[in-house]
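Peer 1: Sequence plus predicted model, see below.
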Amino acid sequence: MSKFALNTALPRYLRAEQERIEGIARGYGLDFFPVVFEILSYDQMNEIAAYSGFPSRYPHWRWGMEYEQLSKSYEYGLSKIYEMVINNNPSYAYLLEGNSLTDQKLVMAHVFAHVDFFKNNFCFRSTDLDQRGAIVDPVRRPERYDPDRRWIDKMANHGARISRHIERHGINKIEAFIDQCLSLENLIDPWAPFSGRPPPRNEEAEAEDEPSLDIYRLRAKSYMDDFINPEEVLEAQRKKRQEHKKPERRVPEQPERDVLKFLLDHAPLERWESDVLEVMREEAYYFTPQRQTKIMNEGWASYWHSKMLTEKVLDASEIIDYAENNAGVMATAPGRLNPYKLGVELYRDIEERWNKGQFGREWEECQDLDTKRSWDMRLGLGRQKIFQVRALYNDVTFIDEFLTPEFVIEHKIYTFGFSGRNDRYEIESREFKQVKEKLLFQLTNFGDPYIRVTDANHANRGELLLEHQHGGVDLRADYARETLAALVRVWKRPVGIATRLENKPVLLRYDGKEHSMTPFKQ
Amino acid sequence: MSLKIDQDHGRFRQIVRGRIRQNLRKYISQGELVGRKGKDLVSIPIPQIDIPRFRFGDKQRGGVGQGEGNPGDPVSADDKHPGQGQAGSGEGEHILEVDVTLEELASILGEELELPDIQDKGKSKISNAHDRYSGIRRVGPESLRHFKRTYRQALRRMISSGTFRPDAPVVVPIPEDKRYRSWKTVTEPVANAVIIYMMDVSGSMGDEQKEIVRIESFWIDAWLTRQYKGLESRFIIHDAVAREVDRETFFHTRESGGTMISSAYKLCSQIIDNDYPPDEWNIYPFHFSDGDNWSMDDTLSCVEILKGQLLPRANMFAYGQVESPYGSGQFIKDLKEHFAQDDRVVLSEIRDKDAIVGSIKDFLGKGK
């Protein structure tokens, strides 16, 4: 089953550990896909990490860049990758050869929790290949849930597809186009898989249900035609048809957030171009759930590795090594928010609150600090609650619902910003409201701007018009210009984006030669 | 072990090479690479190669952190770009450090400045013998046994003699099947070259002038090293008298006093006499000064030494005149007068750091 030329199967003592930890994890109620562990040397690890966990991807220089950085920081001793796990059914996880046994145990426990998260968090339903992306209710699952998530194969197929195009058209051409597509990679609609709309791929030709505009004639010999199909009747038919013909449709009818899909459907792409674009889009959607649940996912895995290791897995001699490593993972640095730390603490906080009954209206309305401090209704609902949370939330809703003022104080969370006056980053506030706002701002749409396609025939010249839903922060101008250039490359006509710069509505437009910025009203 | 990533890594290196080439002039004139030279590698900072996307502008720089401190306190004293962690999204300008070998850097320089390969004077007498494994033979020591060929031979024999059974594919080589690697001894002429750097360190040469010399000689060194195996460098500094020094001293000494250029040329000629027989060596004297010489007489004796002793033995003679506020800049004019017709003498005026690139091209563009 190995994906590599080398033998990457676990040695026997690690297999035994795996079985033991797997049993412990199940005992705690974790529910995961089968997990295949492989053991890799550091350069294999770096390679796979550069391919974001997959043994095989399409050829592109940025994996090489990633690889160079990873290997360099490993060689200089700055960082090393302990574990990697891919959302696949069965899941693949990698252990680094030469790590201590304690480390390997930690990684295994961590991995099982990740895989439990992959399987149970609703966001990841969009990666079920057998659902074809049309999931209306992500929470409802079949009895024995065993989805098709063979993404390793799919990514490898993508690689083969792109390689074929490279053989035909040359690496430079394809790679340049991939670069353009990657510029647009974030222009997708994270919720599209749950909108119940048809699957993203529409290979099957859309059914043509528009009536043909030909007029119905009775069969007749030519010299009889004038009598059997008199001109008046034909004329009447023509009129009727005209009336029935739908008014000119606006494209798109609704503003469309899935810009990539829109381009696939409407841009004048050559075969290879649309194939490449489609690959890029599918992969962008694959990675979306992981970006939506970074804090939750890492928090969940850390919660469980810590619980399993300290309660069941380790013996006394290993605990110090474990604690040291765990402390490294949980470390916070000024100006950084460690998703592992924030996540794990939030889960613990939720567990405690639901154990003690610190939720609901009564709790919210209680003003007396003393009562609140000693509030304990001994409900014991904590464990149940966090299992529910891991299934039904993503980072945004997780923070929105469970971040409390007490938590912010206890964990010394602050917001910071750049002070132009002092030319440095400074702490701005420790107020709960500001902290929460900033956190949510960063997490909402992954901290990217909301952008939609509004018109494919702007100014009746076949120009593409996008709209940035300005929420108070301007676009970065130089990047916007280059992204427009990438769009022009795909759309092959001028492209504009309506946005606001310094409080004025403007249209940034690129026609393939020149960038322009004009006031914009609509 | 060969990795799949190698191909992608190669593509990335190509892109990096392109970036370096684009910015080469900047790197050269800023001289920042000179200080970043390790043993064989130069580490070059290039802006992170980034994929542009629609994203928010700088105003939202900042984020959420965790730890001690009051509002208004700096987030951290030394780190100007926090927020590169997962949840922070303040993107600083990321700098990517890439390591490039000196040789590659030199070839980038060569491409960018369109420098011709140097034509060896054809005097190389010294040659170097080494063994190269290039063939296969039937006898040899076991340590050189070629496993694959041996196996193939055995397989071939067994199939043709009908002893191979596909259901039990055991292949047993007999001594006649064995194949061994064999080698040839090849001799290659070794090109030998020496650069003799001479620099005026009299009072009028300031730090900036020396910096220019330093940068320029770094690149000349890099280019010639690529062209010749076994390049040697010698260093001479002079004011009114000349002496030979090591590299370190060459770049950092500051003397004061008068200038007698002929003293350096004499010393240069002596060094050649003693160590570098011209029929075996490619000789490159480079002289840098601010163009101020003590007297016309001395200039004349310089010309004489050049004509009589240096030029006949050297591949070329390069003179770079660095502009300084104190120098008269007369020397280059005198040289021009005497050697206008002689293409073995290359003269270049270096006004400031930006002129270094042009000057390198002047010196090395002839392929001598």
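Peer 2: Right, received. Where do you want to start?
Peer 1: close to chain B, is stretch A:461-470?
Peer 2: Yes. Stretch A:461-470 reaches chain B (Cβ under 8 Å from any Cβ of the partner chain) through A:His468. To be clear about C-beta, it is placed using only N, CA and C from the backbone, and glycine gets the same treatment.
Peer 1: And for the nearest residue to A:Gly27 once chain neighbours are set aside, the neighbour number?
Peer 2: Leaving aside its sequence neighbours, A:Gly27 sits nearest to A:Lys312 (Cβ to Cβ, 6 or more residues apart in numbering or on different chains; 8.0 Å). Close neighbours of A:Lys312, defined as other Cβ atoms under 10 Å in any protein chain shown, add up to 15.
Peer 1: I'd assumed A:Lys312 was in a helix, is it?
Peer 2: Yes. Assessed by DSSP: H, G, I helix; E, B strand; the rest coil, A:Lys312 belongs to a helix.
Peer 1: There's contact between it and A:Ile24 in this structure, I believe.
Peer 2: Yes. A:Lys312 is within contact range of A:Ile24, at 4.9 Å (criterion: Cβ atoms under 8 Å).
Peer 1: Kindly tell me how buried the closest residue to chain B within chain A is, as a neighbour count.
Peer 2: With Cβ to the nearest Cβ as the measure, A:Gly335 is the residue of chain A nearest to chain B, at 2.6 Å. Around A:Gly335 sit 27 other residues, with neighbours defined as other Cβ under 10 Å.
Peer 1: isn't it right up against B:Gly63?
Peer 2: Yes. Using Cβ under 8 Å, A:Gly335 is in contact with B:Gly63, at 7.2 Å.
Peer 1: All the helices of the stretch 1-150 of chain B, residue numbers only.
Peer 2: B:5-22, B:24-30, B:102-113, B:147-161 (DSSP state H, counting those that start in this stretch).
Peer 1: Using PDB, list the CA coordinates for the longest one.
Peer 2: The C-alpha trace of helix B:5-22 is given here as PDB (Å, rounded to 0.1, in the frame of the first residue of the first chain):
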ATOM      1  CA  ILE B   5      10.300  17.500  -5.700                       C
ATOM      2  CA  ASP B   6      13.600  17.900  -7.500                       C
ATOM      3  CA  GLN B   7      11.900  19.000 -10.700                       C
ATOM      4  CA  ASP B   8       9.800  21.600  -9.000                       C
ATOM      5  CA  HIS B   9      12.800  22.700  -7.000                       C
ATOM      6  CA  GLY B  10      14.700  23.100 -10.200                       C
ATOM      7  CA  ARG B  11      12.000  25.300 -11.600                       C
ATOM      8  CA  PHE B  12      12.100  27.400  -8.500                       C
ATOM      9  CA  ARG B  13      15.800  27.800  -8.800                       C
ATOM     10  CA  GLN B  14      15.400  28.900 -12.300                       C
ATOM     11  CA  ILE B  15      13.000  31.600 -11.200                       C
ATOM     12  CA  VAL B  16      15.300  32.700  -8.500                       C
ATOM     13  CA  ARG B  17      18.100  32.900 -11.000                       C
ATOM     14  CA  GLY B  18      15.900  35.100 -13.200                       C
ATOM     15  CA  ARG B  19      15.200  37.400 -10.200                       C
ATOM     16  CA  ILE B  20      18.800  37.600  -9.300                       C
ATOM     17  CA  ARG B  21      19.600  38.500 -12.900                       C
ATOM     18  CA  GLN B  22      17.000  41.200 -13.000                       C
END
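Peer 1: Name the residues of it that are buried.
Peer 2: Using 16 or more other Cβ atoms under 10 Å in any protein chain shown as the test for burial, helix B:5-22 gives B:Ile5, B:Gln7, B:Asp8, B:His9, B:Arg11, B:Phe12, B:Arg13, B:Ile15, B:Val16, B:Arg17, B:Arg19, B:Ile20.
Peer 1: what's the neighbour count on the closest residue to the fifth one other than its chain neighbours?
Peer 2: What that stands for is B:Arg11. Distance criterion Cβ to Cβ, 6+ apart; nearest residue to B:Arg11, sequence neighbours excluded, is A:Trp61 at 3.9 Å. The tally of other residues near A:Trp61 (other Cβ under 10 Å) stands at 22.
Peer 1: A:Leu101 now?
Peer 2: For A:Leu101, the neighbour count with other Cβ under 10 Å is 12.
Peer 1: same deal with A:Leu484?
Peer 2: Neighbourhood size, A:Leu484 [other Cβ under 10 Å]: 25.
Peer 1: Contacts only, for it.
Peer 2: Counting by Cβ atoms under 8 Å, 6 or more residues apart in numbering or on different chains, A:Leu484 makes contact with A:Val495, A:Gly496, A:Ile497, A:Leu508, A:Arg509, A:Tyr510, A:His515.
Peer 1: contacts with chain B among the residues you listed, please.
Peer 2: Contacts with chain B within these, counted by Cβ under 8 Å from any Cβ: A:Ile497.
Peer 1: and A:Arg500, what element?
Peer 2: strand A:495-501 (DSSP states H and E).
Peer 1: in its sheet, what does the following helix or strand past that strand sit against?
Peer 2: Using DSSP H and E, the helix or strand that follows strand A:495-501 in sequence is strand A:504-510. Partners of strand A:504-510 in the sheet, by DSSP bridges, are strand A:495-501 (antiparallel), strand A:515-519 (antiparallel).
Peer 1: Could you check strand A:504-510 and say which residues are buried?
Peer 2: Neighbour counts over strand A:504-510 (16+ other Cβ under 10 Å) mark A:Val506, A:Leu507, A:Leu508, A:Arg509, A:Tyr510 as buried.
Peer 1: Going along the chain, name the helices of the stretch 151-300 of chain B.
Peer 2: Going by DSSP H, counting those that start in this stretch, the stretch 151-300 of chain B shows helices at B:207-227, B:247-252, B:261-275, B:296-305.
Peer 1: Now the stretch 151-300 of chain B against chain A: closest residue?
Peer 2: Closest to chain A within the stretch 151-300 of chain B is B:Tyr151: 18.8 Å, counting by Cβ to the nearest Cβ.
Peer 1: Contact partners for that residue?
Peer 2: Contacts of B:Tyr151 by Cβ under 8 Å, 6+ apart are B:Val171, B:Pro173.
Peer 1: where are the low-confidence patches of the chain?
Peer 2: Using chain A here. For chain A, the stretches flagged by pLDDT under 70 are A:1-7, A:132-136, A:196-215, A:244-249, A:522.
Peer 1: My question was about chain B, not that one.
Peer 2: Applying pLDDT under 70 to chain B flags the ranges B:1-3, B:32-40, B:47-48, B:58-61, B:76-95, B:120-128, B:189-191, B:254, B:327, B:368.
Peer 1: Specify the residue positioned farthest from the middle of it.
Peer 2: Most distant residue from the mean C-alpha position of chain B: B:Gly162, 60.5 Å away (Cα atoms, centre = their mean).
Peer 1: ok, now which ones touch A:Arg452?
Peer 2: Neighbour list for A:Arg452: A:Pro255, A:Glu256, A:Arg257, A:Val259, A:Leu466, A:Glu467, A:Gln469 [criterion: Cβ under 8 Å, 6+ apart].
Peer 1: What is the burial count for the fourth one?
Peer 2: If you count neighbours by other Cβ under 10 Å, A:Val259 ends up with 22.
Peer 1: Quick check: the gap between the nearest residue to it once chain neighbours are set aside and A:Arg140.
Peer 2: Spatial nearest neighbour of A:Val259, excluding adjacent residues (Cβ to Cβ, 6+ apart): A:Leu187 at 3.6 Å. Distance, A:Leu187 to A:Arg140, using Cβ to Cβ, to the nearest Å: 30 Å.
Peer 1: can you check A:Phe446 too?
Peer 2: Taking Cβ to Cβ as the measure, A:Phe446 falls 26 Å from A:Arg140.
Peer 1: These two: which has the busier surroundings?
Peer 2: A:Phe446 (16 against 9).
Peer 1: Check the gap between that one and B:Arg137 for me.
Peer 2: Computed as Cβ to Cβ, the A:Phe446 to B:Arg137 distance reads 64 Å.
Peer 1: Let me know the closest of the contacts of A:Arg452 to B:Tyr180.
Peer 2: A:Val259 (63.4 Å; Cβ to Cβ).
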